[in-house]
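Student: below: sequence and its predicted model.
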Amino acid sequence: MSQLTQFLVCGLIGSVLMTSCYNYKKMRLLQDNDATLPVYEKSAIKDYKIQVNDEIIFRLITTDETISKLISPNQAGANSQQQYTYRVFSDSTIDIPFVSKIKIAGLTYKEASNEVQKRIKEIIPDAEVRVTLANKVFTVVGEAGTGSFSIYKERLTIYQALAMIGDLAEQIDKAHITIIRESKNKHEVIQFDIRPKSLIDSKYYYVYPNDIIYIRKSFDSFYKVNSYSALLGVINFSISLFITVLNVQQ
């Protein structure tokens, strides 16, 4: 057997060994009987707290429509396309027309609503206020794709967030999902495995506004295929190449 033939035989064997199919158990989500996976404790849901540089919108409900439109222009009309927001300044306050600065950084939406309502009631006795965040987005970086996505519901889970990115297939490293989260002017880096069922209702389960999710590619995904048909295709190609080279040598 020539050196070229030996080289092709070794290459064929190597390609078959390296191009193995994904381990279903290794990639499956919501597992609860695997001792090799971490077990996460249940944790109470924490409401998002408003931070400096957040953009706030609020709705004012009152019988006095004239002053309502002056203080809360967002209610100028249902067909209005312009949305007025109020930035949370570095001193933790927002500046609302006709009202002195109100400190809301560090408060939940409900707490901020009560604080703003209390201040506006000083000039509008029947005022009711609802405060929410204008910049409800999370950001994704990494091999799975990049971009910013809207948080369309109050409690968005990590599974729902990942589904919004697109088809994750089997290439991502499910054991090492990383979130960079800002809290009290500090950045917290948290890493977790999305495969165990215990992830549900743990402190890692929900995505918050301004979260940055880093998703890296699985190290061994370069060599693997995700179906038996793809594996057979690699083997057939290798065999065809091997036979072609033998015929040329003859």
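Tutor: Received it, and whenever you're ready, just let me know what you need.

Student: domains for this protein, by residue range?
Tutor: Taking automatic domain parsing as the domain assignment, the ranges for the chain are 3-21+225-249, 29-46+136-222, 55-133.

Student: so for the shortest one, mean pLDDT?
Tutor: Mean pLDDT, domain 3-21+225-249: 54.

Student: now the domains of the chain as TSV including mean neighbour count?
Tutor: In this view, the C-beta of every residue, glycine as well, is placed from N, C-alpha and C. Converted to TSV, the domains of the chain look like this (neighbours: other CB atoms under 10 Å):
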stretch	mean neighbour count
domain 3-21+225-249	12
domain 29-46+136-222	15
domain 55-133	16
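
Student: is it true that residue 198 touches residue 40?
Tutor: Yes: under the criterion of CB atoms under 8 Å, residue 198 makes contact with residue 40 at 4.4 Å.

Student: what ranges do the helices span in this structure?
Tutor: 3-18, 24-27, 65-71, 109-120, 158-165, 228-249 (DSSP state H).

Student: state the mean pLDDT of the second one.
Tutor: This points to helix 24-27. Here the average pLDDT along helix 24-27 is 65.

Student: roughly how far apart are residue 152 and residue 188?
Tutor: Distance of residue 152 to residue 188, given as CB to CB, to the nearest Å: 24 Å.

Student: same check on residue 92?
Tutor: For residue 92, the distance to residue 188 - CB to CB - is 20 Å.

Student: and for residue 40?
Tutor: 16 Å.

Student: same check, this time on residue 127
Tutor: Distance from residue 127 to residue 188, by CB to CB: 36 Å.

Student: ok, now residue 57?
Tutor: For residue 57, the distance to residue 188 - CB to CB - is 26 Å.

Student: what of residue 39?
Tutor: For residue 39, the distance to residue 188 - CB to CB - is 21 Å.

Student: now do stretch 50-65, average pLDDT.
Tutor: For stretch 50-65, mean pLDDT rounds to 90.

Student: what is the end-to-end distance of that stretch?
Tutor: End-to-end distance for stretch 50-65, by CA to CA, to the nearest Å: 28 Å.

Student: okay, which residue is most central for this protein?
Tutor: residue 161 (4.4 Å; CA atoms, centre = their mean).

Student: my guess is that one contacts residue 213, does it?
Tutor: Yes: shown here, residue 161 and residue 213 form a contact pair, counting by CB under 8 Å, at 6.7 Å.

Student: report the set of residues contacting both of the two.
Tutor: 138, 140, 207 (CB atoms under 8 Å, 6 or more residues apart in numbering).
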